[in-house]
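Trainee: Sequence plus the predicted model coming up.
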Amino acid sequence: MTTKIGLAKSIRSIPDFPKPGILFRDITTLIKDKKAFHASVELIAKKFAKEKIDYVVGVEARGFIFGGALATRLKCGFIPVRKKGKLPWKTKGITYNLEYGTDTLEIHEDALKPKDKVLIIDDLLATGGTVRAVVDLVETQGAKIIGIAFVIELVDLKGREKLKKYPIISLVQFEGE
């Protein structure tokens with residue numbers, strides 16, 4: 001099985017994207033690698049296998065890639081959280097702050113019921129603002145967050161601090177780059 005070190009090696013680093021000074025961590029190389037992709041899903045599933053998860057909630061867009069695979073592996077449903085205006089039914093939304101402005105995420109208003117057990121998944125934890133908004137959306141529907149999973153964590157950006165109330169797993173951590 002691919003190790004966490006092997007996963008890190010499967011992630012391409014692109015300097016100065018999307019703007020100068022940013023080192024972008026590209027997961028497309030990880031998901032292209034069948035062993036690395038399989039291992040990433042298996043490592044997260046193993047962590048939460050005994051929790052009897054009802055739904056995996058995936059964050060648009062790359063969280064969908066891992067979320068669908070993880071929901072299949074955990075034998076539970078998958079719920080997408082999308083940008084405003086992308087879901088076809090009645091929604092609940094939350095607007096949150098970005099580095100330069102705001103964004104809005106939405107979930108179907110009937111997606112979750114009180115006491116549903118949820119695992120939130122996204123590809124990357126940076127400052128934590130996006131997933132913090134997803135946490136708030138899930139909790140407004142009364143669901144219980146069992147954990148939050150990421151493939152990559154940019155440790156220096158301290159996103160984990162916004163989520164410290166919840167069990168968090170990140171498969172690959174990058175620091176100081």
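Mentor: Looks like it arrived, so ask away.

Trainee: helices and strands of the chain: which one bottoms out on pLDDT?
Mentor: Here the helix or strand of the chain ranked lowest by mean pLDDT, DSSP states H and E is helix 4-9, holding a mean of 85.

Trainee: what helices or strands is that one leaning on?
Mentor: helix 34-48, strand 168-174 (3 or more C-beta pairs under 8 Å, 6 or more residues apart in numbering; DSSP states H and E). Using the backbone N, CA and C atoms, a C-beta is placed for each residue, glycine as well.

Trainee: would you list those in CSV and tack on mean pLDDT?
Mentor: Converted to CSV, the helices and strands packed on helix 4-9 look like this (pLDDT from 0 to 100):
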stretch, mean pLDDT
helix 34-48, 97
strand 168-174, 97
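
Trainee: what does stretch 151-167 rub up against?
Mentor: 7, 11, 25, 27, 30, 40, 66, 123-129, 131-132, 135, 145-148, 168, 170-176 (C-beta atoms under 8 Å, 6 or more residues apart in numbering).

Trainee: Now do the nearest residue to L70 once chain neighbours are set aside, the pLDDT please.
Mentor: Using C-beta to C-beta, 6 or more residues apart in numbering and skipping the chain neighbours, the partner closest in space to L70 is V56 (5.1 Å). With respect to pLDDT, V56 has a value of 98.

Trainee: So what sits opposite the most centrally placed residue in the chain in the bridge?
Mentor: Geometric centre of the chain, nearest residue: D122, 1.3 Å, by C-alpha atoms, centre = their mean. Per DSSP bridges, the residues bridged to D122 are F150.
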